[in-house]
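A.B. asks: show me the folded form of this:
(2 chains)
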Amino acid sequence: NAGVTQTPKFRVLKTGQSMTLLCAQDMNHEYMYWYRQDPGMGLRLIHYSVGEGTTAKGEVPDGYNVSRLKKQNFLLGLESAAPSQTSVYFCASSKPTGRSYEQYFGPGTRLTVT
Amino acid sequence: QQPVQSPQAVILREGEDAVINCSSSKALYSVHWYRQKHGEAPVFLMILLKGGEQKGHEKISASFNEKKQQSSLYLTASQLSYSGTYFCGTERDTGNQFYFGTGTSLTVIP
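C.D. replies: The predicted structure is shown next:
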């Protein structure tokens, strides 16, 4: 099993450009998450999904959109990139057992917006 | 909403013990602990649920005080491999949003 994979690993964008980050998991997990990690801020939840076709806003959703058309994939879109979106983005997935769940993280995508 | 961790950073010599604290202003259902090594993804360590269920890690333990909305991670007889940044994550008693703390950097030196 590959676990959780993210594409691309690195990207440089100019302000105003758009891009999509792809997260894929092969563990048949229901829940998927997108986080951003900035120095001194820890991990902050952008959007999450509790199942195919469903998405919800997290702590810092502004400027991002997501889609979960297939159970194994969770896409994060930036429509008009801004320098404030320079960050490391992590995707995670989990399979809740009752209210208990572990999150499995992908390797991250380092995004720089100039 | 974000839980508060303390200390922000700690340096230990091999074999020493450390405690990392995590506290929330909201009633919690669960507390998770993760470790992240530099340049890598966070890795799950353990989860503590309201009511006492705990899934543990071999040489690292934790406690969860539901009344105080606090959790502590205990690292005993530290090893070089314990170095990294430790994050607590909290799930509130109502709703299913999840918040990570800002992290505690732990460095173990020989």
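A.B. asks: what's near enough to touch A:Glu59?
C.D. replies: By C-beta atoms under 8 Å, 6 or more residues apart in numbering or on different chains, the contact set of A:Glu59 is A:Arg44, A:Leu45, A:Ile46, B:Gln1, B:Gln2, B:Gln97, B:Tyr99. To be clear about C-beta, it is placed using only N, CA and C from the backbone, and glycine gets the same treatment.
A.B. asks: mind giving me the ChimeraX command for buried ones among these?
C.D. replies: Here is the ChimeraX selection string for the buried members of the contacts of A:Glu59, based on 16 or more other C-beta atoms under 10 Å in any protein chain shown:
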select /A:44,45,46 /B:2,99
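A.B. asks: got the contacts of A:Glu59 as a markdown table, with distance to A:Trp34 and secondary structure columns?
C.D. replies: As requested, those are exported to a markdown table (distance: C-beta to C-beta, whole Å; DSSP: H, G, I helix; E, B strand; the rest coil):
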| residue | distance to A:Trp34 | secondary structure |
| --- | --- | --- |
| A:Arg44 | 10 | strand |
| A:Leu45 | 7 | strand |
| A:Ile46 | 4 | strand |
| B:Gln1 | 17 | coil |
| B:Gln2 | 17 | coil |
| B:Gln97 | 13 | coil |
| B:Tyr99 | 14 | strand |
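A.B. asks: just checking, A:His29 touches A:Cys91?
C.D. replies: No. A:His29 is beyond contact range of A:Cys91, at 11.1 Å (criterion: C-beta atoms under 8 Å).
A.B. asks: okay, the two: which has more neighbours?
C.D. replies: For the pair A:His29 and A:Cys91, the greater number of neighbours falls to A:Cys91 (30 against 19), based on other C-beta atoms under 10 Å in any protein chain shown.
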